[in-house]
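[1] Structure of the sequence below:
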Amino acid sequence: MAPPTDVAVVFTTFHPSEALLDVVRSLSADFPIVVVDDGTDGPTPVLDAAEELGAQVIRQPENRGIAAAINAGLHRAFDDGSRYAITFDQDSTPAPDTVRVLRSAFTALDESPLIAAVVPGQFAEVRQSSSRGPYPDASRVIQSGMMLSAGSFRALGDFDDALFIDLVDTEYELRILASGRRIVSAPTRIGHELGRTLRLRPFGALPPTVTTMASTPFRYYYRARNRIIVTRRYFRRLPLRTIRDLLVDLAYFAVIALSARPRRAMGHLLAQGFRDGLRGRGGRLPATTATSAAKITWSTS
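    Modelled structure (predicted):
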């Protein structure tokens with residue numbers, strides 16, 4: 001089957017590795033490619049090589065966060081005339097048929113304006129839908145691998161660049177749902193590096209050991225802050241979803257705080273995130289906070 005001709009592929013990058021070029025090479029013959037680099041400093045041989053492969057490369061002058069990079073790529077894709085655009089992180093590896101399968105979902109659903117986005121049914125080890133059927137509703141989606149229509153993007157607006165990183169895709173999903181539109185999944189998958197899985201020891205040498213994914217410590221500032229912002233923004237329209245997600249994150253934060261060393265530093269990091277979320281403060285975390293977070297380690301088995 002011939003590939004669709006109305007889809008652009010957007011990659012967001014920051015100090016990308018050469019693995020990005022393999023994915024760009026595999027897609028560039030069939031789709032226009034937009035690569036948005038979020039402020040990589042120094043030489044950029046991978047970005048230069050991507051341009052040689054035919055990709056449009058947008059170099060952000062500074063690190064402005066994942067949402068700003070996504071927005072820049074989507075605006076370029078839609079301004080150039082694409083009806084649909086799919087976003088990928090630099091370490092995502094779509095299956096050969098991913099773009100075609102996601103685009104086919106819009107056709108199968110009669111290009112309904114209520115379908116804002118289509119995502120892969122499987123993202124790495126995470127299922128994005130628990131329902132059966134050809135195009136079931138998706139939930140708790142990840143933006144890498146999300147295909148949006150130009151009409152939906154213009155109606156819904158940009159991703160919230162004030163969030164900077166973490167829960168950027170969650171906020172957009174809730175915005176879609178609150179607008180009465182749908183996100184559906186299609187039968188394809190993409191590979192992705194989700195992060196480190198660690199065996200954390202919240203109580204040191206004492207049991208239990210908790211196996212979970214752990215991010216770089218500074219990310220917990222963003223996750224705590226943005227969870228408060230997102231909960232306050234959508235509580236009235238989506239109360240069950242927002243409260244459940246908040247409670248799950250609070251339990252996770254408790255494990256993270258107990259497993260961090262020094263615990264006090266992680267406690268301060270999370271508390272500052274909560275405070276800034278209640279104040280509605282967005283953007284990059286303060287430099288002093290980043291310095292403190294860099295000293296945090298994990299108690300692991």
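[2] contacting residues for Gly54?
    By Cβ atoms under 8 Å, 6 or more residues apart in numbering, the contact list for Gly54 reads Ser28, Ile33. All C-beta spots, glycine's among them, are computed from the backbone N, C-alpha and C.
[3] What strand or helix carries it?
    Using DSSP states H and E, Gly54 is not contained in any helix or strand.
[4] before we move on, what about the one 3 residues further on?
    Counting by DSSP H and E, the secondary-structure element that holds Val57 is strand 56-59.
[5] same thing with Phe78?
    Secondary structure here is read from DSSP H and E; on that basis Phe78 sits in helix 66-79.
[6] helices or strands next to that helix in the packing?
    In terms of contacts (3 or more Cβ pairs under 8 Å, 6 or more residues apart in numbering; DSSP states H and E), helix 66-79 is packed against strand 7-13, strand 33-37, strand 56-59, strand 84-89, helix 150-156, helix 168-178.
[7] Residues in contact with it: which ones?
    With Cβ under 8 Å, 6+ apart as the test, helix 66-79 has contacts from 8, 10-13, 32, 34-38, 56, 58, 60, 85, 87, 143, 148, 150, 153-154, 158-165, 168.
[8] List only buried entries from the residues you listed.
    If you count burial by 16 or more other Cβ atoms under 10 Å, the buried members of the contacts of helix 66-79 come out as 8, 10-13, 32, 34-38, 56, 58, 60, 85, 87, 143, 148, 150, 153, 159-165, 168.
[9] got the contact list for Ala214?
    If a contact means Cβ under 8 Å, 6+ apart, then Ala214 has Gly195, Arg196, Thr197, Leu198, Leu200, Ile256, Ser259, Trp298 as its contacts.
[10] Make a markdown table out of these and add neighbour count, secondary structure and pLDDT.
    Rendered in a markdown table, the data for the contacts of Ala214 read as follows (neighbours: other Cβ atoms under 10 Å; DSSP: H, G, I helix; E, B strand; the rest coil; pLDDT from 0 to 100):
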| residue | neighbour count | secondary structure | pLDDT |
| --- | --- | --- | --- |
| Gly195 | 12 | coil | 67 |
| Arg196 | 12 | strand | 74 |
| Thr197 | 10 | strand | 81 |
| Leu198 | 17 | strand | 79 |
| Leu200 | 20 | strand | 87 |
| Ile256 | 26 | helix | 95 |
| Ser259 | 24 | helix | 94 |
| Trp298 | 16 | strand | 94 |
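[11] quick one: contacts of the strand holding Val57?
    For strand 56-59, with Cβ under 8 Å, 6+ apart as the criterion, the contacting residues are 32-37, 40, 44, 47, 50-51, 72-73, 76.
[12] re the thing from before, please produce JSON lines containing the contacts of Ala214, extended by distance to Thr291.
    Conversion of the contacts of Ala214 to JSON lines gives the following (distance: Cβ to Cβ, whole Å):
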{"residue": "Gly195", "distance to Thr291": "22"}
{"residue": "Arg196", "distance to Thr291": "22"}
{"residue": "Thr197", "distance to Thr291": "27"}
{"residue": "Leu198", "distance to Thr291": "23"}
{"residue": "Leu200", "distance to Thr291": "23"}
{"residue": "Ile256", "distance to Thr291": "19"}
{"residue": "Ser259", "distance to Thr291": "21"}
{"residue": "Trp298", "distance to Thr291": "18"}
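[13] remind me which residues of the stretch 51-200 of the chain are low pLDDT?
    Judged against pLDDT under 70, the low-scoring parts of the stretch 51-200 of the chain cover residues 194-195.
[14] let's see it at 50
    Within the stretch 51-200 of the chain, no stretch has pLDDT under 50.
[15] gap between the two ends of stretch 199-214?
    From the first residue to the last, stretch 199-214 extends over 9 Å; the measure is Cα to Cα, to the nearest Å.
[16] Mind listing what's buried along that stretch?
    Within stretch 199-214, the residues that qualify as buried by neighbour count (16+ other Cβ under 10 Å) are Leu200, Arg201, Pro202, Val210, Ala214.
[17] and of these, the nearest to Arg263?
    Distances from those to Arg263 were compared by Cβ to Cβ; the smallest belongs to Pro202, at 9.3 Å.
[18] Would you confirm that the closest one contacts Phe253?
    No - under the criterion of Cβ atoms under 8 Å, Pro202 makes no contact with Phe253, lying 11.7 Å away.
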